[in-house]
Structures are given as structure tokens and as C-alpha cells.
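Peer 1: have a look at this prediction, sequence included:
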Amino acid sequence: MRGEEKMKNSLLLVLVILTAATIGFAQNRSVYTSLEAKDCKTLEQEDEGAGWYRGECKGVAGFKLEVTEGDLRQSVNVVMPSGTIYELSFGSISSGFSSVGTKAEWRMKRKTPVALIIRFNASEDPEDSTKITSYLVVSKIIATGACITDIVRPAKNQNALAQKLADTAAKRSCRGTD
């Protein structure tokens, strides 16, 4: 009986270790929120001249996103639960006319966002504004703020690469501060 009890205890210990390892290495998951104007609250808008817009979009876990537009160029700001706003400055990626995608991908570790992926469409050919380069912008979200860490150029595996970079974004430097 004693040998059988040791074997049961050993198996139980192995099961506990494997369960803990699985939980510890659990993948981040994605939660999507809308960036479409119809789903966001307009905070400011001016239609005269080049015009400008600032709208607040729902986020996750107390976070929100602001979509801004001026002179046909869009960007996104991260609004922390405290209300502090961090500008992501998509204009540093391209100075051409631009727009953000229709959704934001939040990379979540348990119930906390750790990174953000947003599509950024830029017209970079002054000869033909219909030629668009579609980037994925990866930003880290940490307790002290948010910033762009990576810009993923169009490629066959663009989405998977952006997610991989997002999952390690907390360890990465903010773009422009390297």
C-alpha cells in the first residue's frame, strides 16, 4: 500500500507542476474594440478648412482610445484609466495623408492590456495618393504610460509578427528613444 500511495502522490505532484507551468506560460489573448467614428463619442470637431476631429472610443479594462485627425492625417492616443493621455504620434511613421483601421487589437494578459496593435494606412507616394502602405503599429501599455515600440511593414505574416512583437512589447524600448 505504501508504494501505491507514493506513486499517487508523485503523480499528483507532476500534475500540479504541469498545471502551474501551463498557467504560467499562457498566451496573451486578443480583444478587439472599434475605432469607427460611428462607435466613438465626438469630443471636438471643426469642419472648416482642413478640419480636425477628436473622438473617444471604448477600450478595455478602463482604458480608452482617442482617434485624432487633422489635415487628413489620423493618429491615436491612449487614455489610461486615470485619465492621463499618451499620444502615440502616428505622424512620426509617415507625414502623408493617413487613416487608422476600423479596430484596435488589445493584447491582454489575464484582464490587463499589455499592448495595442492598430492598422495605419499611409499615402506615401506624392505622385499617386491612391497608393497606400498599410502598417501595423505595435504599442506597449505599462503602468507608467504607452508608446510605439514597433512598426510592421506589409508582409504575408504581418498580423502574426505584430502579435509576437506585442507580446514582448513591455521589454522593448519606445520608438525614437533607442
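Peer 2: Okay, I see it. Numbering: from 1, shown residues only.

Peer 1: give me the beta-bridge partners of the residue nearest the centre of the chain?
Peer 2: Nearest residue to the geometric centre of the chain (CA atoms, centre = their mean): Leu116, 1.0 Å. Beta bridges link Leu116 to Trp106, Ser139, judged by DSSP bridges.

Peer 1: where's it relative to Ser30, distance?
Peer 2: Distance from Leu116 to Ser30, counting by CB to CB, to the nearest Å: 10 Å. Using the backbone N, CA and C atoms, a C-beta is placed for each residue, glycine as well.

Peer 1: overlap in contacts of these two?
Peer 2: Glu105, Trp106, Arg107 (CB atoms under 8 Å, 6 or more residues apart in numbering).

Peer 1: residues contacting Asp125?
Peer 2: Gly96, Lys131.

Peer 1: do Asp167 as well
Peer 2: Gln27, Asn28, Arg107, Val114, Ala115.

Peer 1: which SS state does Gln27 fall under?
Peer 2: Three-state assignment for Gln27 (DSSP: H, G, I helix; E, B strand; the rest coil): coil.

Peer 1: what's around the nearest residue to Leu72 once chain neighbours are set aside, how many residues?
Peer 2: Leaving aside its chain neighbours, Leu72 sits nearest to Phe97 (4.5 Å; criterion: CB to CB, 6 or more residues apart in numbering). As a burial measure, Phe97 scores 15 neighbours (other CB atoms under 10 Å).

Peer 1: relative to Ile132, how far out is Phe97?
Peer 2: On the measure of CB to CB, Phe97 and Ile132 end up 9 Å apart.

Peer 1: what touches both of those two?
Peer 2: Ala122, Ser123.

Peer 1: any stretches of this protein with poor pLDDT?
Peer 2: 1-26, 49-50, 177-178 (pLDDT under 70).

Peer 1: can you give me the helices for it?
Peer 2: Taking DSSP state H, the helices of the chain run over residues 2-24, 158-167.

Peer 1: pull out the buried positions in the shortest one.
Peer 2: Along helix 158-167, the positions that meet the burial threshold by neighbour count (16 or more other CB atoms under 10 Å) are Leu161, Ala162, Gln163, Leu165, Ala166, Asp167.

Peer 1: now, which of these sits nearest Glu36?
Peer 2: In terms of CB to CB, no member of the buried residues of helix 158-167 lies closer to Glu36 than Ala162, at 20.2 Å.
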